[in-house]
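[1] here's a sequence, model it:
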Amino acid sequence: MPKARHTPERRRLLNTLAHMGALAIARGFVEAKGGTVTAANWGDRRGACFTMTPPVPNRVALQVIAA
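    As a prediction, the model looks like this:
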């Protein structure tokens, strides 16, 4: 059976969906640990900016670990 060929539009859609899946996984990990994930559009079809902020450790927890 011959391999299916995708149109450029279809390839872009599949690529976008793959990245969205990866972002969803990363978001799940970051938010499960108490961090945040934000996204902003650069506009003019130039892409997007994703910011992942890890959680800030609690000083009390750090003192208990160090003791």
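[2] tell me where the chain has strands.
    With DSSP state E as the definition, the chain shows strands at residue ranges 36-41, 48-53.
[3] which outside residues touch the last one?
    When contacts are taken as C-beta atoms under 8 Å, 6 or more residues apart in numbering, the neighbours of strand 48-53 outside the stretch itself are 23, 26, 30, 35-42. No exception for glycine: its C-beta is placed from N, CA and C like everyone else's.
[4] check stretch 19-26 too.
    Contacting residues not belonging to stretch 19-26 are listed as 37, 39, 50, 52 [C-beta under 8 Å, 6+ apart].
[5] ok, 7 Å please
    37, 50, 52 (C-beta atoms under 7 Å, 6 or more residues apart in numbering).
[6] my guess is the first one contacts Phe29. True?
    Translated: Val37. No: the pair formed by Val37 and Phe29 falls short of the contact definition of C-beta atoms under 7 Å, at 9.4 Å.
[7] if we can go back for a sec, quick one: least confident of the contacts of stretch 19-26?
    The pLDDT minimum for the contacts of stretch 19-26 sits at Phe50, where the score is 81.
[8] okay, now it: neighbour count?
    13 (other C-beta atoms under 10 Å).
[9] partners of it in the sheet?
    Note on Phe50: beta-bridge partners Ala39, judged by DSSP bridges.
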